[in-house]
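Visitor: got a sequence here, can you model it:
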Amino acid sequence: MTTTTLAVLVPLLPFLGAAAGLILGRRAPGLVRPLAVLPTLTALLLAVLVAVRQGGGHSVDAATELTPTGSVPVELALHIDGFAALVAVLVGVVASCVQIYSTGYLREDPRYPSYAALVSLFTSAMLLVVYSGDLMVLLVGWEVMGICSYFLVGHYWETPEARAASLKAFLVTKLGDVPFLIGLFALAADTGSFRVTTITARVADGGLDHPTLIALLLLAGVAGKSAQFPLHTWLPDAMAGPTPVSALIHAATMVAAGVYFVARLLPVFAASGAALVVLAVMAAVTMAGSALAALAQDDIKRVLAYSTIGQLGYMTGALAVGDRGAAVFHLLSHGAFKALLFLTAGVLIHAAGTNSLAAMSRMTGLRDRVPDAYWTMTVALLALAAIPPFSGFFSKEAVLGAAEHTATGQAGSVPAAAGWIVLVAGLLTALLTAAYATRLWLLAFHGRGAEVPDHGKQPLAMTAVLWVLAVPSLAFGTAVGVLPDWFDGHSLSPTLTTSVLGTGLALAGALVMYGAWRHTTARAARVPLGAVAASPEGDGGQVEAEAIASHAPAYGDVASADDPADPGRLLLGPLHRHAAAGFRLDAAYAALFVRPVQAAARLVRFLDREVVETYVRGAGTVPRWLGAAVRRAQTGNVQTYLSALLAGTVVLAVAAVLVATAGA
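Guide: Residues are numbered from 1 along each chain as shown. Next up is the predicted model:
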């Protein structure tokens, strides 16, 4: 079987599994789990085989024209280079782990068949984005992921939080997709093609007439899909969906699509120095702002959500300094440890049985009750904090090294300002990331929450995948010497300066947070947090659904705002409440955009009802009055009709005489 055929089957198998799951889910419940797991696992094996055959060498290209368009052709094209081959393997690994994990996490959920089918469709759409060599075909996968996220985030649709979160995710990403689509058409108009290889070749020959405009239009879609400032506010609210969905969205699909798109078309963005500076500023604000917000969250999933936003900022920062190898390296590394973090969070939700979802201030005694989650989450947090020798250290240092390289003027056409912006923001974020990772670990496993009933051993399907993902979280950094052969050939090895600075700041952040935690724990009174509801044994998804339905503080006001034992509150001081609310960007957007639109809608409604409808009613009233007058004259009395006829004749005769007299 040729490599091209294998590559076609990779996104096709999950799609067929999704279709079969939707059709047979209710008719044959016993087939739901095999249809969810087996096609995704098979796609993973085929993706590995494609990667082995591609081997980091020449790209695999194939195309067939779908239909004559009369202008720019749209082709069903594959373009598999080293980036695509490895990202597809990441998608397959995370999607397979999520499907296996979900068989235990949502095993009592009545909507599991549709959930599993949508996860498979989500996976298929991302794989289509990864392998596609034509931007219009890529756009299909791009938009399918958007609709899948809408349904999956709103899985618990009976709760207002889930409904609002799914609608917000859909609308915010669509807000970015409109200029994104315009940018795609403008790019095709300048280059005469939607093919990735043709576009990059034309750009290399100076074929772009409007590089800055096109790059900025495309960046709007990337900011929405990859949750970058200012279109990032949908991602923390998306935590209202099931935890395995969060793992899939944050680690391997949806948010990774924007970064991957820029990496694939980096020459388009590099053609405009202004666009790279804009991208650098966007990455810097995203990194620092999301890290501060993560320090103030009490819900463990919202901490991880803001963490994802910040780590995506590192990736876009690497792209802003022209190093897509470092960006995709961090994408791969982050995909492993972030999926692990979310899945361990799901285990904690199940074990804690807390009716405030994953509020860290209400957790206690989990270290001994869920040792698998404790050790694997520790590995993932160390990777997140970029502590050597964990994978996050190598990938984050690749980003910082690329930024230093650009800042010192060694990156050719890339503005040095972009390098300085990314480098300074990246180092600051390294400090803050280690701080909130340490806070999460301390509050989740060494906190002061109320004791809850022990729900027994966690399902094997949930705990086994944790150890599978722990391996790349720990050891993926060893691939730093091999990955350049798969990418652009640039070294990804850590540099001395950024390694010392980054690691030193990370250790400082962890130590400061630990000291603050010791101080607040010793000072705080033992305030009873109240008993928490016990969860039904064996179903973390049911716990989560009931938690959201109970209007948990994590999805409203800040749960930890008044907790004296929260070290984040101590360190942030007056900034804490604003950071916990995401610096009130949603309120700002409501004031700047939502309320004016609502006011305009009320004005239009007033004009429609009081002006337009008044005119319409008036236009009908006059003929109605005339008709009523005529109707009154129709009495049915013949004598009345003859009298009126005689009177009319007399009037006409008199008028004729008067006219004749006046003429004479």
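Visitor: three-state assignment of residue 65?
Guide: Three-state secondary structure (criterion: DSSP: H, G, I helix; E, B strand; the rest coil) places residue 65 in strand.
Visitor: burial measure for it, as a count.
Guide: Using other Cβ atoms under 10 Å, residue 65 has 12 neighbouring residues. The way it works is simple: take the backbone N, C-alpha and C, and place the C-beta from them, glycine included.
Visitor: contacting residues for it?
Guide: By Cβ atoms under 8 Å, 6 or more residues apart in numbering, residue 65 lies in contact with 73-76.
Visitor: model confidence score at the spatially most central residue of the chain, please.
Guide: The chain has residue 255 as the residue nearest its centroid, 4.5 Å off, counting by Cα atoms, centre = their mean. pLDDT, residue 255: 93.
Visitor: kindly report the same for residue 639.
Guide: 79.
Visitor: so it lies in a helix, does it not?
Guide: Yes - assessed by three-state DSSP, residue 639 belongs to a helix.
Visitor: how close does it sit to residue 652?
Guide: Distance, residue 639 to residue 652, using Cβ to Cβ, to the nearest Å: 20 Å.
Visitor: and which of the contacts of residue 65 is nearest residue 202?
Guide: Nearest to residue 202, judged by Cβ to Cβ, of these is residue 73 at 14.5 Å.
Visitor: number of residues surrounding that closest one?
Guide: 20.
Visitor: that one contacts residue 192, doesn't it?
Guide: No - when contacts are counted by Cβ atoms under 8 Å, residue 73 is not listed as touching residue 192 (9.4 Å).
Visitor: mind listing the helices for the stretch 251-400 of the chain?
Guide: For the stretch 251-400 of the chain, the helices defined by DSSP state H, counting those that start in this stretch cover 255-264, 266-270, 273-295, 300-320, 324-352, 366-369, 371-384, 391-407.
Visitor: for this structure, what are the low-confidence residue spans?
Guide: 352-358, 365, 448-456, 524-564, 664 (pLDDT under 70).
Visitor: from residue 662, how far off is residue 648?
Guide: Distance from residue 648 to residue 662, by Cβ to Cβ: 21 Å.
Visitor: of the two, who's got more company?
Guide: residue 648 (10 against 7).
Visitor: look up how far residue 640 lies from that one.
Guide: 13 Å.
Visitor: residue 613 too?
Guide: Residue 613 is 39 Å from residue 640, by Cβ to Cβ.
Visitor: what do you get for residue 479?
Guide: For residue 479 relative to residue 640 (Cβ to Cβ), the value is 106 Å.
Visitor: more neighbours: which of those two?
Guide: Shown here are residue 479 and residue 640; by other Cβ under 10 Å, residue 479 has more neighbours (19 against 12).
Visitor: you'd agree that one is in a helix?
Guide: Yes - counting by three-state DSSP, residue 479 is found in a helix.
Visitor: distance check, it against residue 51.
Guide: For residue 479, the distance to residue 51 - Cβ to Cβ - is 13 Å.
Visitor: over to residue 75?
Guide: 23 Å.
Visitor: over to residue 441?
Guide: Distance from residue 441 to residue 51, by Cβ to Cβ: 34 Å.
Visitor: with adjacent residues omitted, what lies nearest to the residue nearest to the centre of the chain?
Guide: Using Cβ to Cβ, 6 or more residues apart in numbering and skipping residues adjacent in sequence, the residue nearest residue 255 is residue 226, 4.9 Å away.
Visitor: can you pull the buried residues of whichever strand or helix holds residue 444?
Guide: Assessed by DSSP states H and E, residue 444 sits inside helix 416-446. When burial is assessed from 16 or more other Cβ atoms under 10 Å, helix 416-446 yields the following buried residues: 418-423, 425-445.
Visitor: taking helix 391-407 as reference, get the angle to that helix.
Guide: Interaxial angle of helix 416-446 relative to helix 391-407 (axes from the mean of the first three to the mean of the last three Cα atoms, to 10 degrees): 160 degrees.
Visitor: so which elements touch helix 416-446?
Guide: helix 273-295, helix 300-320, helix 366-369, helix 371-384, helix 391-407, helix 496-523, helix 567-572 (3 or more Cβ pairs under 8 Å, 6 or more residues apart in numbering; DSSP states H and E).
Visitor: of all these, which one is nearest residue 604?
Guide: So among the helices and strands packed on helix 416-446, helix 273-295 is nearest, using Cβ to Cβ, at 34.3 Å.
Visitor: report the distance from that closest one to the chain centre.
Guide: 16 Å (Cα atoms, centre = their mean, to the nearest Å).
Visitor: swap in stretch 90-99?
Guide: The answer for stretch 90-99 is 17 Å, by Cα atoms, centre = their mean.
Visitor: what residues does it touch?
Guide: So stretch 90-99 is contacted by 10, 14, 36-37, 40-41, 43-45, 47-48, 116, 119-120, 122-123, 126-127, 130, 244-245, 247-248, 251-253, 331-332, 335-336, 339, 343, 465, 468-469, 472 (Cβ under 8 Å, 6+ apart).
Visitor: out of those, which are buried?
Guide: Looks like these have 10, 14, 36-37, 40-41, 43-44, 47-48, 116, 119-120, 122-123, 126-127, 130, 244-245, 247-248, 251-253, 331-332, 335-336, 339, 343, 465, 468-469, 472 buried, using 16+ other Cβ under 10 Å.
Visitor: just the ones of the residues you listed in helices?
Guide: Counting by DSSP state H, the part of those found in helices is 10, 14, 36-37, 40-41, 43-44, 47-48, 116, 119-120, 122-123, 126-127, 130, 244-245, 247-248, 251, 331-332, 335-336, 339, 343, 465, 468-469, 472.
Visitor: appreciated, that's everything.
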